[in-house]
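1. starting from these lines, generate the structure:
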Amino acid sequence: MLLWNGAYKGARVVTTLYALELGAAPFETGLLLATYGVVPLVLAVFTGRLGDRYGVRMPIAAGLAVTATGITLPFLWPAFGTLFAGAAITGAGFILVQVSMQSLFGAMGTGAERTRNINLYALIVSSADFAGVILGGFAIDHLGHVRSFLAMGAICFAAVLGMAYLYRRVPSAAPASASGGRRRMTDLLRNKVLRRMLLAGAAVVAGVDLFQLFMPIYGHSIGLSASAIGITMGCFAAAGFVTRAMLPFLARRYGEARTLLYSMLLGAATFVLIPLFETPVALGIVCFVLGLGMGLGQPLTVILAYNHAPPGRAGEGLGLRIAIINTSHVGVPALFGAAGSLIGTTPVFFVIAAVIALGGAAIRKHI
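-> The predicted structure follows:
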């Protein structure tokens, strides 16, 4: 997971900065990042059902290989159009691994043990986020944009080799017994608590997506180097690691839903500070505080979605969560990219803060 997710996050940074280097406008860059979510939007629920019925071993192995292929593609054909193809392929591989891994970690225990396991998953993701964005920035400065795709692809292919070694240790059977009968997505959406948790999760991920889109654009506009942008974004990821290390304690003290609300309010309050600073040190501090809030959002929404899904449909519930999130992945970067082209970057940060605050309001009644 560390190799796979680190390569994925590094490739997103490389893709964004390469698109800007090729002269892409914020709207075009937003469309490019939205492409990462197009295929996951279609495959997320199917992947969850697949894991519930047949196990997660094959989807994980296939997803790792597909991700590595998509990341490497722009190295083989360096062109703006190829970035879109690579993003679509990478997104397909990413969703196979992400849903299956979350389902696997959630099935390895109940109650506090499940919270601890999913938090371990989140800590690995935070470590990969931190390493990936910094490595992506330094790779651009030292290797150039095109060869950076090869470097990220090589890291992901190392994850494929790791999975080949561990393949037989991953459960081949479904991690939880699936319930029989016809499965309808509307049954999950009728669950009011689950529905609100899914909306909160979408707001959190929309905020993270927009940070990953507009932080490079903002840093590029004020003249920061690729390395400085990577380090600044790495501060965000490092804070996520710190705050996720505290998640078991916070969940025991305040409960998962209340902790999620507080983290979203902190994230919303911090987003408005980003356009007020231009030095790398100041931006690094602001992004670190932002990461303290946003870093808790993703593991908490995974835990809450797993806990509130019907028995035997946890994977499907997680898939639905990611399908809703990827609706945000597809629409939000394109919409806000267009807004950034029209009104500039600064007002967009204020709107992002409002979206996250509204997501927190959706769960307030269930605390």
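2. can you list contacts of the strand or helix carrying Gly162?
-> Using DSSP states H and E, Gly162 maps to helix 145-166. With contact meaning CB atoms under 8 Å, 6 or more residues apart in numbering, helix 145-166 is reached by 1, 3-4, 6-8, 10-11, 14, 17-18, 21, 60-61, 64-65, 67-69, 71-75, 78, 86, 132, 135-136, 139-140, 143. (Each C-beta comes from the backbone N, C-alpha and C, glycine too.)
3. average pLDDT for that helix?
-> In this model, helix 145-166 has an average pLDDT of 93.
4. for stretch 224-239, same thing?
-> 84.
5. do the same with stretch 88-102
-> 89.
6. can you list contacts of it?
-> 1, 4, 8, 11, 35-40, 43-44, 47-48, 51, 56, 59-60, 62-71, 73, 118, 121, 302, 306, 315, 318-319, 322, 326.
7. Leu318 contacts Leu50, correct?
-> No: using CB atoms under 8 Å as the test, Leu318 is too far from Leu50 to be in contact (11.9 Å).
8. more neighbours, these two?
-> Leu318 (28 against 22; other CB atoms under 10 Å).
9. quick revisit: out of the contacts of helix 145-166, which are buried?
-> With burial judged by 16 or more other CB atoms under 10 Å, the buried subset of those is 1, 3-4, 6-8, 10-11, 14, 17-18, 60-61, 64-65, 67-69, 71-75, 78, 86, 132, 135-136, 139-140.
10. those residues in helices, which ones?
-> Those of the buried ones among the contacts of helix 145-166 mapping onto helices are 3-4, 6-8, 10-11, 14, 17-18, 60-61, 64-65, 67-69, 71-75, 86, 132, 135-136, 139-140, per DSSP state H.
11. state the distance from Val99 to Gly137.
-> 29 Å (CB to CB, to the nearest Å).
12. meant to ask about Leu283
-> 14 Å.
13. what sits in contact with each of the two?
-> Joint contacts of Leu283 and Gly137 (CB under 8 Å, 6+ apart) do not exist.
14. skipping its backbone neighbours, what lies nearest Val286 in space?
-> In this structure, Val286 finds its nearest non-sequential neighbour in Leu273, 4.9 Å apart by CB to CB, 6 or more residues apart in numbering.
15. pLDDT value on the one you found, please?
-> For Leu273, pLDDT reads 90.
16. ramachandran angles for it?
-> Here is the backbone geometry of Leu273 (degrees, to the nearest 10): phi -80, psi -20.
17. skip the chain neighbours and tell me the closest residue to Phe211.
-> Phe236 is the one closest to Phe211 (CB to CB, 6+ apart), at 6.6 Å.
18. list the buried ones in whatever helix or strand that neighbour lives in?
-> In this structure, Phe236 is located in helix 226-245 according to DSSP H and E. By 16+ other CB under 10 Å, the buried positions in helix 226-245 come out as 226-241, 243-244.
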